[in-house]
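Enquirer: sharing a model prediction with you, sequence too.
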Amino acid sequence: AQTVTQSQPEMSVQEAETVTLSCTYDTSENNYYLFWYKQPPSRQMILVIRQEAYKQQNATENRFSVNFQKAAKSFSLKISDSQLGDTAMYFCAFMGGTYKYIFGTGTRLKVLA
Amino acid sequence: NAGVTQTPKFQVLKTGQSMTLQCAQDMNHNSMYWYRQDPGMGLRLIYYSASEGTTDKGEVPNGYNVSRLNKREFSLRLESAAPSQTSVYFCASSGEHTTNEKLFFGSGTQLSVL
C-alpha cells in the first residue's frame, strides 16, 4: 500500500525568507502524480503544485517549486519570498494507477512578520 | 459552476444515531472520494469510487457505508454514530486523470458525536 510521510508537524519562517517542507512516499508504481495542497484557516483545500512522476523536470508555480527525487521517493516543497498569506496547513498527496489519493499528515506553516 | 457541493455543513449527533452526508459534483467527474480530517492525522481516505458503479474501501472504512447513486452523487452513511467519528468530513472529485489531474474539494462537514 502507498504511504505518504510528512515529518515536520510545524514550521515557521520569517516573511520574505525561503522555507522547504519535506515529504517522502512509498510506492511500487512507476507512473503516478504527486501534489502539494494548502489549507488556510478557512478550511478550503487549494492545489499548490502538481508533479507527474514521468517528468524529470521539477514543477514550478511562481514562488512555489518542488524538488522531486524519484529514486529516493522524496517530494519537497520550496516556498520562496514567503508571505503572510502562505500561513496554512500544507499536505503532500500521492495518486497512482487506482486513482486513489493518499495524503500525508500535514505541516503547519506559520509565516512571521 | 458549483463544483463539489456537500451537505450539511455542520451536524451534531448523539451516540447511536444515524445520518447521511450528501455530496454532488457538476463537473462530470468519474472519481469521487470521502475523507475525514482529524488534528495531527491529516486527511484519511474513508471510501472512494473510481468510476460510476464502483466503490472501494480506503484507509478507515469501519463504521461507514457509501453509495454512488449516479455519476454526480456519492453519499456517506454513518449507521450508528460513535464519538470516535467526530471529525471534519470532505467530499472530493476528480475526472481529468491527465496532465491536469487534481482533486476538487467540497467545503467540508463538521460532525460532532456526543
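Expert: Nice, I can see it.

Enquirer: who in chain B is up against chain A?
Expert: Taking Cβ under 8 Å from any Cβ of the partner chain as the measure of proximity, chain B contacts chain A at B:30-31, B:33, B:35, B:40-45, B:48, B:50, B:56, B:58-59, B:88, B:90, B:92, B:94, B:97, B:99, B:101-103, B:105, B:107-108. Any C-beta I mention is one placed from the backbone N, CA and C, and that applies to glycine too.

Enquirer: contacts only, for residue A:60.
Expert: A:49, A:66 (Cβ atoms under 8 Å, 6 or more residues apart in numbering or on different chains).

Enquirer: list the contacts for residue 103?
Expert: In the absence of a named chain, chain A is used. A:4, A:37, A:91-93, B:35, B:42-45.

Enquirer: meant chain B actually
Expert: Contacts of residue B:103 by Cβ under 8 Å, 6+ apart are A:35, A:37, A:45, A:47, A:93, A:101, B:33, B:92-94.

Enquirer: quick check, nearest of these to residue A:58?
Expert: Nearest to residue A:58 out of those is residue A:35 (Cβ to Cβ; 13.9 Å).

Enquirer: spatially nearest residue to that closest one, not counting backbone neighbours?
Expert: residue A:93 (4.3 Å; Cβ to Cβ, 6 or more residues apart in numbering or on different chains).

Enquirer: how near is the closest residue to residue A:24 other than its chain neighbours to residue B:51?
Expert: For residue A:24, ignoring the flanking residues on the chain, the nearest one in space by Cβ to Cβ, 6+ apart is residue A:5 at 4.9 Å. Computed as Cβ to Cβ, to the nearest Å, the residue A:5 to residue B:51 distance reads 29 Å.

Enquirer: against residue A:30, how distant is residue A:71?
Expert: 12 Å.

Enquirer: where does the prediction get shaky in the chain?
Expert: I went with chain A, as the question did not name one. Counting by pLDDT under 70, not a single residue of chain A qualifies.

Enquirer: switch to chain B, please.
Expert: Using pLDDT under 70, the flagged stretches of chain B are B:1, B:96-99.
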